[in-house]
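Engineer: The sequence isn't on hand, but the structure is:
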């Protein structure tokens with residue numbers, strides 16, 4: 001190349017670099033990145049004990065009043081943090097907006113604080129020389145109505161989630177901060193939880209001092225109607241069932257239900273062998289007003305918020321039958337053993353969620369299995385639950401652009417945000433798809449070991465270690481592969497990555513096949529499907545015309561690329577007629593059932609306008625269930641059989 005051309009391209013490259021940002025005289029503003037004033041957490045000792053006093057008596061206004069006394073470590077700059085990252089939600093879901101009335105005193109002198117300009121969960125204080133303690137007062141405004149958030153205070157139940165009721169000094173690991181907490185409760189309220197109680201006098205409960213890490217992981221439920229049942233009489237590490245309800249009737253439970261929960265505890269302990277709690281509390285709210293349908297995990301307790309009829313009408317509670325088992329499993333999988341990139345030293349350090357398919361997916365699998373082993377759910381209903389997992393995962397066509405591995409990030413940006421097109425956007429699919437993945441792992445372990453090894457062995461060898469220890473042990477993807485390889489030599493890394501990173505469904509149902517079943521669809525729903533449909537409040541025709549319809553014919557969801565989607569139906573449309581007849585749920589079901597013989601015309605209303613569309617659907621009603629594959633092993637049914645003790 002001639003020298004002149006080389007020189008030309010060199011000058012052109014330099015000019016391009018200048019335009020890109022190197023030119024000092026561009027005429028626009030220059031960005032100056034803010035420097036952080038927040039000390040990074042360091043694993044070091046903290047002198048003294050933080051005193052935390054929470055007053056939970058203002059039920060009428062749903063307000064918690066908080067007073068803290070913090071030992072001062074040094075004069076000068078101090079940063080107090082309000083927790084942002086909630087462990088069980090895997091996301092920054094704790095809002096500082098509900099913290100109000102913050103006032104800081106050094107003795108009689110009021111000290112001004114300054115909120116950090118970048119991290120609004122941080123408050124900076126200049127501590128004068130000679131000050132030994134600070135007094136901090138504020139209020140936490142819990143949601144006053146269900147429309148403004150999940151209720152934490154009702155006339156009969158209070159949920160004391162410590163991470164929403166405190167500030168803590170930046171610069172230390174949570175495990176190095178000691179907290180002595182007291183809780184003032186309304187008259188006639190009884191507390192329940194895993195914290196050790198020192199005294200309970202005049203409505204004020206004083207808890208044994210513990211680390212901030214243990215405190216935040218140990219919520220307290222309290223209520224007017226509380227019933228506590230020992231599920232492991234005489235055990236060195238007892239497990240208690242704590243029922244809290246709106247009335248005495250709501251905390252009633254039958255002896256056979258207690259026996260099934262006792263069996264669930266026994267089967268879980270036989271699965272893992274080791275225990276990582278001094279005592280354990282299964283906290284169960286049974287309320288019309290308290291939020292229902294969800295659970296949260298902790299090392300020495302779990303939260304299960306259920307309908308008041310959960311025990312009194314148990315036959316209609318199939319969607320939540322394995323919730324308690326799932327949350328109990330988390331004591332081992334998630335709390336004691338925790339993904340390395342999810343563990344953080346405090347509650348204002350971002351987490352990463354690359355292994356939620358283990359943390360949540362495997363716990364969901366064992367929740368299914370343990371509920372069956374304990375008799376909480378019969379084998380057929382359990383098979384039907386696996387059918388729902390398989391059908392849900394198969395319908396997630398968003399896999400074409402978004403892998404299961406990427407779905408592990410969902411809590412980081414989807415928490416609290418509605419998802420209109422769930423099958424295309426994919427949301428938390430590490431639950432149902434994780435169940436199928438671990439079912440496949442179980443089947444392959446059995447194959448590779450000629451039936452001598454299964455996921456039960458993985459549970460014991462990987463999670464059931466260090467009996468009695470309550471010190472978190474982290475793990476990585478490589479650790480998972482190594483543990484599986486010790487049980488049955490195989491290229492587990494490739495096996496798992498093919499399923500985590502794929503955009504195809506080639507291996508999605510391998511686990512069912514290995515377990516002796518296939519997914520099929522019939523025109524009659526299973527009882528599990530019926531109850532899941534009733535719980536959602538929708539008419540679920542997702543596997544036929546691709547619609548879920550709520551009250552009054554309003555379209556709640558439309559399957560991306562499904563028959564209704566292609567016909568122009570969208571979320572928010574209202575179906576007013578079906579083949580000329582006024583819409584009802586039964587009219588629509590009957591029309592879909594006959595769609596292979598009669599065209600399906602829907603009258604729709606949206607934005608004040610009506611139109612009629614014809615659905616190109618030549619089929620009938622379709623509901624998922626499992627079908628036995630003849631002349632194959634019954635691996636799935638084998639997994640559901642109760643365990644005997646093994647050494």
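Structural biologist: Yes, it's here. If you're wondering where the values come from, they're calculated on a predicted model, not measured in any experiment.
Engineer: C-alpha from now on. contacts and neighbour counts both.
Structural biologist: OK.
Engineer: what about the strands in the stretch 201-350 of the chain?
Structural biologist: Per DSSP state E, counting those that start in this stretch, the stretch 201-350 of the chain has strands spanning 204-207, 210-211, 220-223, 225-230, 239-245, 280-286, 294-297, 301-306, 337-339. These are given in chain order.
Engineer: now the stretch 501-647 of the chain
Structural biologist: Ranges of strands in the stretch 501-647 of the chain, per DSSP E, counting those that start in this stretch, are 517-522, 539-541, 547-549, 555-558, 574-578, 581-582, 600-606, 609-615, 623-628.
Engineer: Serialize those strands to JSON lines and add fields for mean pLDDT and distance to residue 129.
Structural biologist: Shown next, in JSON lines, are the strands of the stretch 501-647 of the chain (pLDDT from 0 to 100; distance: least, C-alpha to C-alpha, whole Å):
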{"stretch": "strand 517-522", "mean pLDDT": "97", "distance to residue 129": "71"}
{"stretch": "strand 539-541", "mean pLDDT": "97", "distance to residue 129": "66"}
{"stretch": "strand 547-549", "mean pLDDT": "97", "distance to residue 129": "65"}
{"stretch": "strand 555-558", "mean pLDDT": "96", "distance to residue 129": "61"}
{"stretch": "strand 574-578", "mean pLDDT": "97", "distance to residue 129": "67"}
{"stretch": "strand 581-582", "mean pLDDT": "97", "distance to residue 129": "78"}
{"stretch": "strand 600-606", "mean pLDDT": "96", "distance to residue 129": "67"}
{"stretch": "strand 609-615", "mean pLDDT": "95", "distance to residue 129": "71"}
{"stretch": "strand 623-628", "mean pLDDT": "97", "distance to residue 129": "70"}
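Engineer: Would you convert these into CSV that also reports distance to residue 40 and mean neighbour count?
Structural biologist: Output for the strands of the stretch 501-647 of the chain, formatted as CSV (distance: least, C-alpha to C-alpha, whole Å; neighbours: other C-alpha atoms under 10 Å):
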stretch, distance to residue 40, mean neighbour count
strand 517-522, 51, 17
strand 539-541, 49, 22
strand 547-549, 48, 24
strand 555-558, 44, 24
strand 574-578, 53, 22
strand 581-582, 64, 13
strand 600-606, 53, 20
strand 609-615, 57, 14
strand 623-628, 51, 20
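Engineer: can you tell me which of those strands comes nearest to residue 110?
Structural biologist: strand 555-558 (52.8 Å; C-alpha to C-alpha).
Engineer: Residues touching the closest one, excluding its own?
Structural biologist: With contact meaning C-alpha atoms under 8 Å, 6 or more residues apart in numbering, strand 555-558 is reached by 420-421, 538, 542, 546-550, 564-565, 569-575.
Engineer: Separate out the buried members of those residues.
Structural biologist: Neighbour-count burial (16 or more other C-alpha atoms under 10 Å) is assigned, among the contacts of strand 555-558, to 421, 538, 542, 546-550, 564-565, 569-575.
Engineer: Which members of these are positioned in helices?
Structural biologist: 564, 565 (DSSP state H).
Engineer: which residues in the stretch 451-600 of the chain form helices?
Structural biologist: Here the stretch 451-600 of the chain has its helices, by DSSP state H, counting those that start in this stretch, at 455-458, 477-487, 492-500, 510-514, 527-536, 563-567, 585-593.
Engineer: so which of these is the most packed in?
Structural biologist: helix 510-514 (a mean of 22; mean count of other C-alpha atoms under 10 Å).
Engineer: Quick check: which helices or strands does that helix pack against?
Structural biologist: Judged by 3 or more C-alpha pairs under 8 Å, 6 or more residues apart in numbering; DSSP states H and E, the packing partners of helix 510-514 are helix 432-448.
Engineer: how far is the helix it packs on from where the chain is centred?
Structural biologist: Distance of helix 432-448 from the chain centroid (C-alpha atoms, centre = their mean, to the nearest Å) equals 22 Å.
Engineer: Just want the angle from that helix to helix 492-500.
Structural biologist: Counting by axes from the mean of the first three to the mean of the last three C-alpha atoms, to 10 degrees, helix 432-448 lies at 150 degrees to helix 492-500.
Engineer: Give me the buried stretch members for helix 432-448, please.
Structural biologist: So, applying 16+ other C-alpha under 10 Å, buried residues of helix 432-448: 432-446.
Engineer: Likewise for stretch 204-218?
Structural biologist: Neighbour-count burial for stretch 204-218 [16+ other C-alpha under 10 Å]: 204-207, 209-218.
Engineer: taking those residues as a set, which two sit the farthest apart in space?
Structural biologist: Among the buried residues of stretch 204-218, 204 and 213 lie farthest apart (C-alpha to C-alpha), at 22.5 Å.
Engineer: For residue 326, which of the helices of the stretch 451-600 of the chain is the nearest?
Structural biologist: helix 455-458 (15.3 Å).
Engineer: May I ask which helix or strand encompasses residue 368?
Structural biologist: helix 361-373 (DSSP states H and E).
Engineer: so how far is that helix off the chain centroid?
Structural biologist: Here the centre of helix 361-373 is set off from its chain's centre by 15 Å, with C-alpha atoms, centre = their mean.
Engineer: Same check on stretch 340-360?
Structural biologist: 12 Å.
Engineer: and residue 172, backbone torsions?
Structural biologist: Backbone geometry at residue 172, expressed as degrees, to the nearest 10, gives phi -130, psi 150.
Engineer: before we move on, back to that, among the helices of the stretch 451-600 of the chain, which is nearest residue 34?
Structural biologist: Closest approach to residue 34 among the helices of the stretch 451-600 of the chain (C-alpha to C-alpha): helix 477-487, 35.2 Å.
Engineer: chain center to the closest one: distance?
Structural biologist: The chain centre lies 25 Å from the centre of helix 477-487; the measure is C-alpha atoms, centre = their mean.
Engineer: Show me what it is packed against.
Structural biologist: Applying 3+ C-alpha pairs under 8 Å, 6+ apart, we find helix 477-487 packed against helix 455-458, helix 492-500.
Engineer: Excluding chain neighbours, what is closest to residue 282?
Structural biologist: residue 241 (4.9 Å; C-alpha to C-alpha, 6 or more residues apart in numbering).
Engineer: Residue 168 versus the one you found, what's the distance?
Structural biologist: Distance, residue 241 to residue 168, by C-alpha to C-alpha, to the nearest Å: 31 Å.
Engineer: Residue 516 now?
Structural biologist: Distance from residue 516 to residue 168, by C-alpha to C-alpha: 53 Å.
Engineer: Thanks a lot, catch you later.
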